[in-house]
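Q: have a look at this prediction, sequence included:
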Amino acid sequence: MDYERGEKRSMSTFFTITDQPISLEEVVRKVIRPEAGAVTTFIGTVREFTNGKRTLFLQYEAYVPMAEKMLAQIGEEISKRWPEAKVAITHRIGKLAISDVAVVIAVSTPHRKDAYEANQYAIERIKQIVPIWKKEHWEDGTEWVGNQLETKAYPTGKPEGEDLI
Amino acid sequence: MDYERGEKRSMSTFFTITDQPISLEEVVRKVIRPEAGAVTTFIGTVREFTNGKRTLFLQYEAYVPMAEKMLAQIGEEISKRWPEAKVAITHRIGKLAISDVAVVIAVSTPHRKDAYEANQYAIERIKQIVPIWKKEHWEDGTEWVGNQLETKAYPTGKPEGEDLI
Amino acid sequence: MITLLFFAYLKDAIGTERLDVAHAPMTVGQLKRQLEADYNLDLRHVMVAVNEEYALEERTLQQGDIVAFIPPVSGG
Amino acid sequence: MITLLFFAYLKDAIGTERLDVAHAPMTVGQLKRQLEADYNLDLRHVMVAVNEEYALEERTLQQGDIVAFIPPVSGG
């Protein structure tokens, strides 16, 4: 029944960028359906320490229309690899505090193994192709994070110097 | 902060059997903390069709005190394998309708790969060692499900005949 | 006294969820054999917990023990 | 007219999130080279989307195109 209702919605309600707090229950509700016994979610929260450095808060920015398209594309990729999976993804932008939820990925499948695999696939792809960027605000400066591995900040060259202290 | 509060609670609030509907947000809140950037959840819902047979509703029963102990033991096993993981599990018992949530497993870790692996470990172990049983109520009878693979109902021998029409 | 607990289909088979027995055989294994004979059951796939912990067949039972018979579980 | 969009650190580096240019070079690659020269930037790791779809360097630009410069993404 949820499923029926879901199918009639536009894709954009399943793959959304928002500047408001994300309701976990709401994202999960989009994928729950009688045929599915397993739902996995991934909830990305703002971590306080990265490589020992303390984050005060984050700023997320997106190229919104394209980001929603790319999220929907990830949904299609998942449908090809896991035909029985149903996916919903919401990513938040704007200013986020420590432990705030930045992204929720919900995947339902008839069997649980697929739900884990498809979910993990989604987060990996988000970090590869969805035009969203985060700016770290530390105690001693700011920096746009520029690679998916989160191991080092992207070298910005000489501009942006005014942001670094 | 959530973490500090969490540590002071008894283990039983992290590993719980309940006869009430499960609040997903509540289980997730138990594991969110500043050190963790990733939370995975597994939500087990009641599936309508299993091997083509239609389920009307399920009845879950547990040996409650031991089931909570076993859930806590799974938490300890996870702490050994993934020392940075934090886990909360709530399993519901009683009568559940199609799409009702039977179990929620939430795992937070600093890095996402661990959150998926530890979560999947938890559900596999639940299906091995936690004394909880479900009784299928079909259109034409009932049956206690008796193996973890859900491929066949447990042969009950001659008793229980009164339940099978 | 020793308390026996039954769950799921075993509860239906035995006809009760609890039996208090004054005397029980020495070990978990012997108790299982006795129940199999008395109730015409096959308990080979049934695990036993003593005082809420899984126990081996060799485990010796003592007065006051709570012995739970755990059919293959199906939670999750 | 062609619209250029900049995000994240590139927006800071260029000093604006949007530039409307009357004439643009033929291809995505040529446009990148020109921006690199004009703003002293290294755009080797910057992807380009034309009308909200990732485009190759060989892609020919047309009037009305929206060309977005996508630094390595860091969502999730």
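A: Arrived safely.
Q: which stretches of chain A have low pLDDT?
A: A:1-12, A:147-165 (pLDDT under 70).
Q: which residues touch residue 47?
A: Because you didn't say which chain, this covers chain A. A:55, A:98, B:34-37, B:110 (CB atoms under 8 Å, 6 or more residues apart in numbering or on different chains). C-beta here means a position set from N, CA and C on the backbone, and glycine is covered the same way.
Q: oops, wrong one, chain C.
A: C:54, C:69-70.
Q: can you show me the helices along the chain?
A: Picked chain A for this. Counting by DSSP state H, chain A has helices at residues A:2-8, A:24-29, A:64-81, A:112-129.
Q: that's the other chain; I wanted chain C
A: Under DSSP H, chain C gives helices at C:8-14, C:28-39.
Q: returning to what we had before: pull out the buried residues from the contacts of C:M47.
A: Among those, those classed as buried by neighbour count (16 or more other CB atoms under 10 Å in any protein chain shown) are C:69-70.
Q: nearest to the spatial middle of the chain, which residue is it?
A: You didn't say which chain, so I picked chain A. Closest residue to the average C-alpha location of chain A: A:V103 at 3.6 Å, with CA atoms, centre = their mean.
Q: ah, I was thinking of chain C
A: So for chain C, CA atoms, centre = their mean, it's C:F69, sitting 3.7 Å from the centre.
Q: chain center to stretch A:24-37, what's the gap?
A: 17 Å (CA atoms, centre = their mean, to the nearest Å).
Q: my read: C:A55 touches C:V28, true?
A: Yes - at 5.3 Å, C:A55 counts as touching C:V28 under the criterion of CB atoms under 8 Å.
Q: single out the residue in chain A that lies closest to chain D.
A: Closest contact between chain A and chain D, by CB to the nearest CB, is at A:I132 (3.0 Å).
Q: number of residues surrounding residue 63?
A: Answering for chain A, as no chain was given. Neighbour count for A:Y63, taken as other CB atoms under 10 Å in any protein chain shown: 25.
Q: switch to chain C, please.
A: 9.
Q: show me what contacts it?
A: Applying CB under 8 Å, 6+ apart to C:Q63 gives the contacts C:1-2.
Q: now do it against chain D, distance only.
A: 59 Å (CB to the nearest CB, to the nearest Å).
Q: before we move on, the earlier item: neighbour-wise, which of C:A55 and C:V28 wins?
A: When C:A55 and C:V28 are compared for neighbours, C:V28 comes out ahead with 23 against 19, by other CB under 10 Å.
Q: quick one: residues contacting the more buried one.
A: If you count contacts by CB under 8 Å, 6+ apart, then C:V28 has C:48, C:50, C:55-59, C:61, C:67 around it.
Q: find me the pLDDT at it, would you?
A: C:V28 is assigned 96 on the pLDDT scale.
Q: before we move on, back to that, which stretch among the helices of chain A comes nearest B:G44?
A: helix A:112-129 (7.7 Å; CB to CB).
Q: okay, the angle between the closest one and helix A:64-81?
A: 140 degrees (axes from the mean of the first three to the mean of the last three CA atoms, to 10 degrees).
Q: check which helices and strands helix A:112-129 is in contact with.
A: strand A:38-45, helix A:64-81, strand A:86-92, strand A:101-109, strand B:38-45, helix B:112-129 (3 or more CB pairs under 8 Å, 6 or more residues apart in numbering or on different chains; DSSP states H and E).
Q: in that helix, what's buried?
A: So, applying 16+ other CB under 10 Å, buried residues of helix A:112-129: A:112, A:114-123, A:125-127, A:129.
Q: which of those lies closest to D:Y9?
A: For those, the nearest to D:Y9 is A:K127 (17.3 Å; CB to CB).
Q: chain C: strands as residue ranges?
A: For chain C, applying DSSP state E gives strands covering C:2-6, C:18-21, C:47-50, C:53-55, C:66-70.
Q: please identify the deepest-packed of these.
A: Ranked by mean neighbour count under mean count of other CB atoms under 10 Å in any protein chain shown, the strands of chain C are led by strand C:66-70, which reaches a mean of 22.
Q: export that one as CSV, just CAs?
A: What follows is strand C:66-70, C-alpha atoms only, in CSV (Å, rounded to 0.1, in the frame of the first residue of the first chain):
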residue,chain,number,x,y,z
ILE,C,66,15.6,-23.4,35.4
VAL,C,67,15.9,-25.6,32.3
ALA,C,68,14.6,-24.1,29.1
PHE,C,69,14.1,-26.1,25.9
ILE,C,70,14.9,-23.9,22.9
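Q: C:F6 and D:Q63, how far apart?
A: 80 Å (CB to CB, to the nearest Å).
Q: can you check A:Y63 too?
A: 21 Å.
Q: coming back round to it: of the buried residues of helix A:112-129, just say which sits nearest to B:I93.
A: Within those, proximity to B:I93 (CB to CB) peaks at A:R112, which comes in at 19.8 Å.
Q: could you check how far the spatially closest residue to that closest one that is not a sequence neighbour is from A:W82?
A: Leaving aside its sequence neighbours, A:R112 sits nearest to A:A38 (CB to CB, 6 or more residues apart in numbering or on different chains; 3.8 Å). Applying CB to CB, the value for A:A38 to A:W82 is 12 Å.
Q: what is in contact with these two at once?
A: A:109, A:114.
Q: which residues touch C:P25?
A: C:31, C:33-34, C:61.
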